[in-house]
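*Asks:* Sequence and predicted structure, then a few things I'm wondering about:
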Amino acid sequence: MPTTSVADRSCQVDALREREFPYLDASAHAYLDYTGAALAPLSLIRGSAARLASGVYGNPHTASPASLASTRLVEEAREAVLAFCGASPEGPEAYTVVFTPNATAAVRLVAEAYPFGPRTPLVFLGDDHNSVLGMRRYARRAGAPVRVVPLGPGFRTESAAVTACLEAGGRGLFAFPAQSNATGVRHPLEWVGEARRRGWRVLLDAAAYLPSGPLDLTAVPADFVALSWYKISGFPAGVGCLVARRDALAGLRRPWFAGGTVLASSSHTDWHLPAPAPEGFEDGTLPFLALPDVTAAVAWHRAIGYDAVHHHVTRLTARLLAGLTALRHPGGEPAVRVLGPLSTEDRGPTVAFNLLRPDGSPVDERVLQLAAAEARISLRTGCFCNPGVAEEANGMTPEVVREALVRGDPADVDAYLHRLTVQAQGAVRASMGVATDARDVERLVEVCGDVVARGAWEGAFGPRAGC
Ligand SMILES: Cc1ncc(COP(=O)(O)O)c(C=O)c1O
């Protein structure tokens, strides 16, 4: 894509809507769930089909022509991912790419193989996704201390609170999201270098960040980075990566082996020889037909440029924040509470909010979910797999949560939320990406204004699916 200025390139992002995502307007759809998944561009879908239709690709890693063709494409994809993350495959700072089904599987690879113990704790943020919180099960099983850095004012996390947790004893694994999947807050990437200088390994969950934020692992030398491709480019789905420093991978001990992860093993004796990284971490056969789509996705992203994407989504985020915060009840009371920053500073294009009644109490998020669906708007409601933000939004202390858990059946999510006696049991999340345009944002603000004007706070809802 030829470039002049960021603003010009941002206009070219606007033009992508018609060229790459015509199915949106063809179905009168406003898609505002980019943090759930990006949308697939037509050129990537067509490129993939053309590739599959013109070659013979077999299971990689043998010497047949069909196998060699796949092996070559798999290795090209690894190189493309490394370049995408600004990582070198060689030297003392060498990285490699382990292909996984998604970001969650990448996190789990680290969780199950990291040498947790009484002197090697796990530290994570109150803003982490469930896929990171689950690591604590492995840490606890190994007798490792688990520390949670609390959320600070405005749903941000203070650097001093991170330092306090890292300095509270032992040296272990620090896991944090580059961007909150709930509030859009971007956490300081400088924490990576600071934690590593203190002797910690760092797992950066970049799943929500990478769709609109660039990563340069030369400057931000995270030990492990987890990501999902469907979030970055909408296509391919079912491919994630653990991008890892080779020296950090060497410190992991896998709890099992499988086809593809061993050089040799014995059936009758308890012996196996693990394959070196990255293959030693890739269980079973890779999605070899989809990996060339990753190479194409990297090229697609590079052609647009992160600065243009950032400019585009920041404009839309500002517009959404302004539209939502301007909504008032007839008596002048605010009709929206945004969970997270009200400015576009250090945040991504993800906005979580609750509609408010005139008395300031939050409206059940499913009211807006229904109204949005009627207007053909796709967004997300609930707690977005980020229970820390939901707890913070409702002032739920650990004591309140524990009490609610023991007073009834914790398997009944609705009853559990009821016992918590919080008013906002969930929130609404709108998130934007390259295919979003101002009309989508306006449509959502209009629907919110409509619900507020009608004062229609009630609805008949089924049980919650959980968060
Ligand atoms: C910050 C963050 N981490 C992890 C995940 C898990 O990603 P996946 O479901 O692709 O494994 C998500 C998905 O929404 C996310 O936003």
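*Replies:* Nice, thanks for sending it over. Predicted, not measured: the structure shown is a model, and the values here were computed from it. Numbering: from 1, shown residues only.
*Asks:* confidence score at residue 172?
*Replies:* With respect to pLDDT, residue 172 scores 98.
*Asks:* What does it show for phi and psi?
*Replies:* Per-residue torsions, residue 172: phi -140, psi -130 (degrees, to the nearest 10).
*Asks:* can you list the residues of this structure near the ligand?
*Replies:* Contact residues, the chain versus the ligand (C-beta under 6 Å from any ligand atom): 35, 102, 103, 104, 129, 131, 177, 181, 205, 207, 208, 228. Using the backbone N, CA and C atoms, a C-beta is placed for each residue, glycine as well.
*Asks:* go with 5 Å
*Replies:* Taking C-beta under 5 Å from any ligand atom as the contact definition, the chain meets the ligand at 102, 103, 104, 129, 131, 177, 181, 205, 207, 208, 228.
*Asks:* Which ones among those map onto helices?
*Replies:* Under the assignment DSSP state H, the residues of the chain next to the ligand contribute 103, 104, 131 to helices.
*Asks:* rewinding a little: list just the nearest of the residues of the chain next to the ligand to residue 449.
*Replies:* Nearest to residue 449 among the residues of the chain next to the ligand: residue 181, at 26.4 Å, using C-beta to C-beta.
*Asks:* show me the contacts for the closest one.
*Replies:* Residues near residue 181 by C-beta atoms under 8 Å, 6 or more residues apart in numbering: 35, 129, 207, 208, 350, 384, 385, 386.
*Asks:* same check, this time on residue 211
*Replies:* Here residue 211 is in contact with 34, 35, 38, 231, 232, 309, 348, 433 (criterion: C-beta under 8 Å, 6+ apart).
*Asks:* which residue sits farthest out from the middle of this structure?
*Replies:* residue 268 (42.8 Å; C-alpha atoms, centre = their mean).
*Asks:* what domains does the record give for the protein?
*Replies:* Following automatic domain parsing, one finds the domains of the chain at 6-39+305-383+426-454, 62-303.
*Asks:* residue ranges of the helices in the stretch 201-350 of the chain, please?
*Replies:* For the stretch 201-350 of the chain, the helices defined by DSSP state H, counting those that start in this stretch occupy 229-233, 246-249, 291-304, 306-326.
*Asks:* Redo the ones in helices among the residues of the chain next to the ligand as CSV? Include pLDDT, distance to residue 62 and neighbour count.
*Replies:* Shown next, in CSV, are those (pLDDT from 0 to 100; distance: C-beta to C-beta, whole Å; neighbours: other C-beta atoms under 10 Å):
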residue, pLDDT, distance to residue 62, neighbour count
103, 98, 30, 26
104, 98, 30, 20
131, 98, 34, 23
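*Asks:* Please state the offset of stretch 319-339 from the chain centre?
*Replies:* Stretch 319-339 sits 27 Å away from the centroid of its parent chain (C-alpha atoms, centre = their mean, to the nearest Å).
*Asks:* ends of that stretch, how far apart?
*Replies:* Terminal residues of stretch 319-339 lie 16 Å apart, using C-alpha to C-alpha, to the nearest Å.
*Asks:* I'd assumed residue 335 was in contact with residue 360.
*Replies:* No. Using C-beta atoms under 8 Å, residue 360 is not in contact with residue 335, being 10.1 Å away.
*Asks:* Settle it for me: which of those two has more neighbours?
*Replies:* Between residue 360 and residue 335, counting by other C-beta atoms under 10 Å, residue 335 is the more crowded of the two (21 against 11).
*Asks:* which residues does the more buried one contact?
*Replies:* Residue 335 neighbours (C-beta under 8 Å, 6+ apart): 327, 328, 329, 355, 356, 448, 449, 452.
*Asks:* In a helix, the last one, correct?
*Replies:* Yep, that's residue 452 we're talking about. Yes. Applying DSSP: H, G, I helix; E, B strand; the rest coil, one finds residue 452 inside a helix.
*Asks:* measure the closest residue to it other than its chain neighbours to the ligand for me?
*Replies:* When the adjacent residues along the chain are set aside, residue 452 lies closest to residue 335, with 4.4 Å between them (C-beta to C-beta, 6 or more residues apart in numbering). Plainly put, residue 335 is 27 Å away from the ligand if you go by C-beta to the nearest ligand atom, to the nearest Å.
*Asks:* which phi and psi does residue 147 have?
*Replies:* According to degrees, to the nearest 10, residue 147 has phi -120, psi 140.
*Asks:* phi, psi of residue 348?
*Replies:* Taking degrees, to the nearest 10 as the convention, residue 348 sits at phi -100, psi -180.
*Asks:* and it, what is it in contact with?
*Replies:* Each residue near residue 348 by C-beta under 8 Å, 6+ apart is listed here: 179, 184, 186, 208, 209, 211, 212, 213, 313, 317.
*Asks:* Tell me the confidence at it?
*Replies:* We have a pLDDT of 98 for residue 348.
*Asks:* between the contacts of residue 348, which is closest to the ligand?
*Replies:* residue 208 (3.9 Å; C-beta to the nearest ligand atom).
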